[in-house]
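K.L.:
give me coordinates for this.
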Amino acid sequence: MLQIKYNEKKLAGSYHLPASKSISNRLLIMRALARSKVLFDNLSEAEDTYMMRLYLSFINTCAGSEIPLSLDTHNAGTVFRFLLAYLSRQEGRWLLTGEERMRQRPVGALVDALRSLGADIKYTEKEGYPPLLIRGKKLNGGTVELNASASSQYVSALMLVAP
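P.N.:
Modelled structure (predicted):
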């Protein structure tokens, strides 16, 4: 039997939580969109976050290129989904790809939602799956319908780049 007793004493203290790669990647996208020099404390040290930082720096340096520039997210799903949305509004041509496993993960719902905002995204192999050829441009506003059953990151990606 479990017995729970109420304790009137207040608890106090602090705990330093480990960094979240998911939150870190969202913050990095927001900083890039704001074109800000904001510094963050406690960013994740995960490989995915390192990759996101590296690619955002690369994109910033190479924006506007008419030659498709390739970004390989390996097997980092969060990086792929967030960069898909981010690149759709960054001037230039981009080839977004990943490892074999990434090319088996569906992105059609997110691509359709971005296309409904005016994004120019083409599948280079199998319809609905990476790799993708993206021509970045200004997106339109509007109402978007999205089936996010495959990943809640679709919703996050759209919210991060909303016009």
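K.L.:
ok, the residue nearest the centre of the chain - contacts?
P.N.:
Geometric centre of the chain, nearest residue: F82, 1.4 Å, by CA atoms, centre = their mean. F82 makes contact with N25, R26, I29, M52, Q153, S156, A157, L160, according to CB atoms under 8 Å, 6 or more residues apart in numbering. No exception for glycine: its C-beta is placed from N, CA and C like everyone else's.
K.L.:
which of these sits closest to R101?
P.N.:
Set against R101, the nearest of those by CB to CB is Q153 (16.1 Å).
K.L.:
tell me, how many residues neighbour the closest residue to the closest one other than its chain neighbours?
P.N.:
Spatially, and ignoring its direct neighbours in sequence, Q153 is nearest to R81 (4.6 Å; CB to CB, 6 or more residues apart in numbering). Neighbour count of R81, defined by other CB atoms under 10 Å: 25.
K.L.:
ditto for R31
P.N.:
Using other CB under 10 Å, R31 has 16 other residues around it.
K.L.:
how about the helix or strand harbouring it: buried residues?
P.N.:
Following DSSP states H and E, one finds R31 within helix 21-34. Buried residues in helix 21-34, counted by 16 or more other CB atoms under 10 Å: K21, S22, S24, N25, R26, L27, L28, I29, R31, A32.
K.L.:
correct me, but the second one touches V79?
P.N.:
No: in this structure, S22 is not within contact of V79 by CB atoms under 8 Å, at 10.5 Å.
K.L.:
now do the helices in the protein.
P.N.:
Secondary structure of the chain by DSSP state H: the helices cover 21-34, 47-62, 77-87, 108-116, 153-161.
K.L.:
nearest to D41 among these would be which one?
P.N.:
D41 lies closest, by CB to CB, to one member of the helices of the chain: helix 21-34, at 10.5 Å.
K.L.:
what mean pLDDT would you report for the closest one?
P.N.:
The pLDDT scores in helix 21-34 average 93.
K.L.:
with just CA atoms, put that helix into PDB.
P.N.:
Extracted in PDB, the C-alpha atoms of helix 21-34 (Å, rounded to 0.1, in the frame of the first residue of the first chain):
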ATOM      1  CA  LYS A  21      19.100  19.500 -28.700                       C
ATOM      2  CA  SER A  22      15.500  20.000 -29.900                       C
ATOM      3  CA  ILE A  23      15.200  23.300 -28.000                       C
ATOM      4  CA  SER A  24      18.800  24.300 -29.000                       C
ATOM      5  CA  ASN A  25      18.000  23.800 -32.700                       C
ATOM      6  CA  ARG A  26      14.800  25.800 -32.400                       C
ATOM      7  CA  LEU A  27      16.800  28.700 -30.800                       C
ATOM      8  CA  LEU A  28      19.400  28.500 -33.500                       C
ATOM      9  CA  ILE A  29      16.800  28.800 -36.300                       C
ATOM     10  CA  MET A  30      15.200  31.800 -34.500                       C
ATOM     11  CA  ARG A  31      18.500  33.500 -34.100                       C
ATOM     12  CA  ALA A  32      19.300  33.000 -37.800                       C
ATOM     13  CA  LEU A  33      15.900  34.300 -38.900                       C
ATOM     14  CA  ALA A  34      16.300  37.400 -36.600                       C
END
